[in-house]
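Undergrad: Next one to model:
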Amino acid sequence: MRNIQLLKMQLFLSLIIFHQISISQNIEEIKRSIIRSIENQKNDMIKTSDLIWEAAETSLQEFKSSSYLIEYARKNGFNVKTGVADIPTAFTASYGSGRPIIGILGEYDANAGISQKRKPVREARIPGGAGHGCGHNLFGTASLAAAVAIKEQIEKGDLKGTVVFFGTPAEETIFAKVWMAREGLFDDLDVCMDWHPGDEIVSETQSSKALVDFRLKFYGSASHASSDPWNGKSAVDALELYTTGLNYYREHVNPTARIHYHVEKAGDVVNVVPDYAQIWTRLRENDRAGVDILYNRAKKIAEGAALMADVGYEMQLISGIYEIQVNRTGQVAMQKNLDKLGPITYSKQEIDYANTILRETGKPEKGIDGRVQKLRETKPAQGGSTDVGDVSQVVPVIRMRATISAKDGPWHSWAVVACSGMSIGHKGMIYASKALGMTMADLYTDNKLVEEVKKDFKINKTNPVYEPRILPGPPKLN
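TA: As a prediction, the model looks like this:
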């Protein structure tokens, strides 16, 4: 009797082990299918990303760029909704039914004033024009291709659930994801995927800075600057007093704070006391609470400047964004797939191209870093800001970066534009698409992983209530 029970136990354990091996083999085959799908899409990906690179449309003007991605999605059988959140260049593309519902973000706006030819030396393609100095032509395309690869697996019956691609415009200035979040577009997701072009391959464990953007308008009264200046009230005086106050305030903020401003209007001619001045200010800190402290002080400085110059003023909110909530559990899952994919390799011509860019920009010639970095400790923000932060306050976000440019080259510059429209950028785009698709496959096949990612999100939430910092109505350029 005892031998029979022992035999039953051994058989039961054998079945469990066999089942686990079967699941493991199945997911690996699905991942191989995803990689094959992206390889099959390679030519379409390069064509689409290059069309977006050539269009180089800035925030809220991405009409051609969004249309290329919409066409790609429709051609591959997605249900597309355009003009979501009342933004003409925003859209969603979905396929499947049921849970899990996995989202994936895509961006496609360019940076003003950094147009560049596909050359490693500075030469504008369109003088004064825009360029993809953040690689967003690659960003949107890679994410959509990953969604297509997942759609094919759902269509075959190898995966179950829903995939949603989010076409998110205006990341560089207006932060359209905030409006999309306010409209609840991300609320039904279980997990959302994100990546960003960079100069290394890394599972992203670093947060981003929260910020607020606002515009100040000072209203004075004009007079002759020499014959009767006493009859005038200078709006520019108020603007200069405001910037002086901000700059004195710098001594008393935390080292993590950032204060930026751009004078947009400061009179027209020298012989008239200027009756109007306008300035755009951006304040950043490691979290929303820190930004609020800066913002409240800036309001007082603006009021004081207007009082001293005896002019009227108006303070207009443009938008604000949250810091990214890092999901360590999701980043561990991403790291495993980066390790499986391994490094990106480059030709001598590509390395020489990158080194020429670095030499032209006064940087050490480090070539291109295609290595997979080890998983890093979770750290607070050290660099820029992104409206992905708002998405991460609503739903767990898993992120990565992939190499698309020369190592340590200047970002938001012609140096990145020169790489994002050629093979260095294309390789990073294809790599990112594979890593995103593979990690999404893990989520679709492992309910426990999805629940652990959600648990991480709930436990580490630092902003209990999400409050988008934007004005009513759709986003506006001015």
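
Undergrad: Hmm, His132 is touching Ala110, no?
TA: Yes: counting by Cβ atoms under 8 Å, His132 does reach Ala110; the two are 5.0 Å apart. Using the backbone N, CA and C atoms, a C-beta is placed for each residue, glycine as well.

Undergrad: So for those two, which residues contact both of them?
TA: Residues within reach of His132 and of Ala110 at once, by Cβ atoms under 8 Å, 6 or more residues apart in numbering, are Ala56.

Undergrad: Show me the shaky parts of the stretch 251-400 of the chain.
TA: Within the stretch 251-400 of the chain, not a single segment meets pLDDT under 70.

Undergrad: Can you show me the helices along it?
TA: Using DSSP state H, counting those that start in this stretch, the helices of the stretch 251-400 of the chain run over 288-309, 328-341, 348-360, 388-394.

Undergrad: which of His132 and Ala110 has more neighbours?
TA: More crowded of His132 and Ala110, by other Cβ atoms under 10 Å: His132, with 33 against 29.

Undergrad: ok, now which ones touch the more buried one?
TA: His132 sits next to 52-53, 56, 110-111, 138, 416-417, 420-421 when contact means Cβ under 8 Å, 6+ apart.

Undergrad: List the residues that contact Gly103.
TA: Neighbour list for Gly103: 163-166, 186, 189, 191-193, 395 [criterion: Cβ under 8 Å, 6+ apart].

Undergrad: Could I get the full set of strands for the stretch 1-150 of the chain?
TA: With DSSP state E, counting those that start in this stretch, the ranges of strands along the stretch 1-150 of the chain come out as 79-82, 91-96, 101-106.

Undergrad: most tightly surrounded among these?
TA: strand 101-106 (a mean of 25; mean count of other Cβ atoms under 10 Å).

Undergrad: How far does that one sit from its chain's centre?
TA: Centroid separation for strand 101-106 versus its chain: 13 Å, with Cα atoms, centre = their mean, to the nearest Å.

Undergrad: Show me what counts as buried in stretch 181-201.
TA: Residues 181-182, 185-186, 189-201 are the ones in stretch 181-201 that count as buried (16 or more other Cβ atoms under 10 Å).

Undergrad: pLDDT averaged over stretch 420-433 - what is it?
TA: What stretch 420-433 shows for mean pLDDT is 99.

Undergrad: Let me see the backbone angles for the residue nearest to Val191 when sequence neighbours are not counted.
TA: Spatial nearest neighbour of Val191, excluding adjacent residues (Cβ to Cβ, 6 or more residues apart in numbering): Pro396 at 5.1 Å. Dihedral angles of Pro396 (phi, psi; degrees, to the nearest 10) stand at phi -60, psi 140.

Undergrad: Over to Val253?
TA: Taking degrees, to the nearest 10 as the convention, Val253 sits at phi -100, psi 160.

Undergrad: and it, what is it in contact with?
TA: 259, 294.

Undergrad: same question, Tyr276
TA: 217-220, 235, 265, 267.

Undergrad: for Ile87, same thing?
TA: Ile87 is in contact with 60, 169-170, 176, 179-180, 474-475, counting by Cβ under 8 Å, 6+ apart.

Undergrad: hmm, 10 Å instead?
TA: 60, 62, 66, 167-170, 174, 176, 179-180, 183, 474-475 (Cβ atoms under 10 Å, 6 or more residues apart in numbering).

Undergrad: so what's it scoring on pLDDT?
TA: For Ile87, pLDDT reads 97.

Undergrad: Please report phi then psi for it.
TA: According to degrees, to the nearest 10, Ile87 has phi -120, psi 120.

Undergrad: looking at the helices of the stretch 251-400 of the chain, which is buried most?
TA: By mean count of other Cβ under 10 Å, the helices of the stretch 251-400 of the chain have helix 388-394 as the most buried, with a mean of 26.

Undergrad: Show me what it is packed up against.
TA: Using 3 or more Cβ pairs under 10 Å, 6 or more residues apart in numbering; DSSP states H and E as the contact test, the elements touching helix 388-394 are strand 101-106, helix 176-182, strand 191-198, strand 210-219, strand 312-321, strand 397-403, helix 447-459.

Undergrad: Quickly run through the sheet partners of the shortest one, with directions.
TA: Same thing as strand 101-106. When sheet partners are counted by DSSP bridges, strand 101-106 sits next to strand 162-167 (parallel), strand 191-198 (parallel).

Undergrad: Between strand 397-403 and that strand, find me the angle.
TA: Orientation check (axes from the mean of the first three to the mean of the last three Cα atoms, to 10 degrees): strand 101-106 against strand 397-403 gives 40 degrees.

Undergrad: mean confidence score for strand 101-106?
TA: On average, the pLDDT along strand 101-106 is 99.

Undergrad: cool, and stretch 35-51?
TA: Here stretch 35-51 scores 99 as its mean pLDDT.

Undergrad: Enumerate the positions of it that are buried.
TA: 35, 37-38, 41, 44-46, 48-51.

Undergrad: now stretch 281-290
TA: 281-288, 290.
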